[in-house]
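J.: Here is a sequence together with a model predicted from it:
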Amino acid sequence: MKKSIYVILLVILLITILYLELTLREKYAPETLLILVLDDNGNPETQANCFGDIISSKVNVEKKPLVTLDSVYEFLDPSIFYLKNSKGYYYFETGFDNYKDDFEIRIVCYSPQLRGVSYTIINNTNSNCEFRKDGKVAFC
């Protein structure tokens with residue numbers, strides 16, 4: 001009798017662990033992007049003109065402007081997150097909410113007087129971003 005209870009508990013534990021592993025491995029589209037734009041010298045660019053395109057089955061947007069942040073801490077709590085540079089960040093709300101299907105986000109930023117262009121592509125298979133807050137916020 002005791003043996004069957006242990007076997008049942010073990011099976012339930014294994015199923016729970018398997019479910020958690022599969023759930024945690026799922027990749028979601030980011031709900032928010034924080035894009036860092038740097039100039040040619042590696043300094044934060046605070047006067048860039050940035051916009052983004054979103055291509056997906058749920059959200060399709062062209063040339064949506066990014067919001068310039070005076071400091072990334074306008075969006076993030078400084079007691080939780082520490083970043084080396086707090087300036088040069090641009091905020092982009094994607095409109096995704098727990099979205100797991102194919103998507104592509106294209107971000108283009110032009111520096112003042114069009115001296116430089118930054119181009120970032122994020123999709124479900126390719127991303128050079130760091131994801132935080134359960135994948136809902138991406139730092140690029």
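T.: Ah, there it is.
J.: Please spell out the segments of this protein that come in under the pLDDT threshold.
T.: 1, 20-26, 116, 133-135 (pLDDT under 70).
J.: where do the strands sit along it?
T.: 32-36, 49-56, 61-65, 67-68, 89-93, 103-110, 117-123, 130-132, 137-139 (DSSP state E).
J.: Using CSV, lay out those together with mean neighbour count.
T.: Where you see a C-beta, it was placed from the backbone N, CA and C, and this is true even at glycine. Shown next, in CSV, are these (neighbours: other CB atoms under 10 Å):
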stretch, mean neighbour count
strand 32-36, 20
strand 49-56, 18
strand 61-65, 12
strand 67-68, 14
strand 89-93, 21
strand 103-110, 19
strand 117-123, 15
strand 130-132, 14
strand 137-139, 20
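J.: could the ones you listed go into TSV alongside distance to residue 42?
T.: Converted to TSV, the strands of the chain look like this (distance: least, CB to CB, whole Å):
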stretch	distance to residue 42
strand 32-36	11
strand 49-56	18
strand 61-65	25
strand 67-68	19
strand 89-93	15
strand 103-110	15
strand 117-123	13
strand 130-132	18
strand 137-139	16
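J.: what's the closest of these to residue 7?
T.: Closest to residue 7 of the strands of the chain, according to CB to CB: strand 130-132, at 38.4 Å.
J.: Between the strands of the chain, which one is closest to residue 6.
T.: Among these, strand 130-132 comes nearest to residue 6, with 38.7 Å by CB to CB.
J.: how deep is the nearest residue to residue 73 once chain neighbours are set aside tucked in, by neighbour count?
T.: Sequence neighbours aside, residue 86 is the residue nearest to residue 73 in space, at 5.8 Å (criterion: CB to CB, 6 or more residues apart in numbering). Close neighbours of residue 86, defined as other CB atoms under 10 Å, add up to 17.
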